[in-house]
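1. Sequence first, then the predicted structure, then my questions.
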Amino acid sequence: MEVSAEARDRPTAAKAAPGTSQIGPDERQKRQGEVDDPFDNEKVMTHIVAKEELPYGTIAHKFEGHRYGDVNVSFFLVESPPGSGPVMHTHPYEEIFVTLEGEATFTVGDATIEVSAGQIVVAPAGVPTSSSTPEADR
């Protein structure tokens with residue numbers, strides 16, 4: 001096969017940077033759910049979980065990472081009715097509370113903390129915590 005001078009002199013595509021790829025739409029569709037691991041360039045699986053698929057207790061959907069392979073995080077999606085919340089308890093890991101809407105009161109150890117939408121509370125591991133939402137307006 002003969003290559004023209006014009007084709008020989010045309011710049012070639014740059015190599016993809018680590019953690020990125022130059023795949024076309026067909027290949028991308030085949031790999032949906034896979035992402036490049038920027039540390040070793042192997043493919044790792046992305047998990048997509050609907051809230052409704054998570055186990056539900058009395059006030060929360062519970063995501064436990066170990067159920068999805070080597071995922072080292074757990075969290076709860078709490079939807080507390082007015083005036084309710086979990087009782088004082090402890091965990092062997094840090095607890096992070098993200099207030100998405102409304103207001104809540106958190107007890108972390110001896111401290112009582114009032115928060116509103118958009119605020120995050122971080123409680124140390126092993127420290128007793130509880131939370132509640134305000135009573136409904138009467």
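-> Looks like it came in fine. Residues are numbered from 1 along each chain as shown.

2. Just the CA atoms of stretch 70-89, as CSV, please.
-> What follows is stretch 70-89, C-alpha atoms only, in CSV (Å, rounded to 0.1, in the frame of the first residue of the first chain):
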residue,chain,number,x,y,z
ASP,A,70,-14.9,-3.4,47.3
VAL,A,71,-16.7,-0.2,48.1
ASN,A,72,-15.5,1.2,51.4
VAL,A,73,-18.3,3.6,52.2
SER,A,74,-21.8,3.3,53.6
PHE,A,75,-24.5,6.0,54.0
PHE,A,76,-28.2,6.5,54.8
LEU,A,77,-30.7,8.5,52.9
VAL,A,78,-32.9,9.7,55.9
GLU,A,79,-36.3,11.1,55.3
SER,A,80,-37.5,11.9,58.9
PRO,A,81,-41.1,13.0,59.5
PRO,A,82,-41.3,16.1,61.6
GLY,A,83,-40.3,15.6,65.2
SER,A,84,-38.4,12.3,64.6
GLY,A,85,-34.9,10.9,64.0
PRO,A,86,-32.6,8.2,65.2
VAL,A,87,-31.9,7.8,68.9
MET,A,88,-28.4,8.3,70.4
HIS,A,89,-26.0,5.7,68.9
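
3. average model confidence for it?
-> In this model, stretch 70-89 carries a mean pLDDT of 86.

4. do the same with stretch 121-138
-> Averaging pLDDT along stretch 121-138 gives 86.

5. List the buried residues for it?
-> 121, 123, 129, 131-133 (16 or more other C-beta atoms under 10 Å). Placement of C-beta: from N, CA and C, glycine included.

6. same check, this time on stretch 102-120
-> 104, 106-108, 115.

7. is it true that His66 lies in a helix?
-> Yes: with DSSP: H, G, I helix; E, B strand; the rest coil as the criterion, His66 is assigned to a helix.
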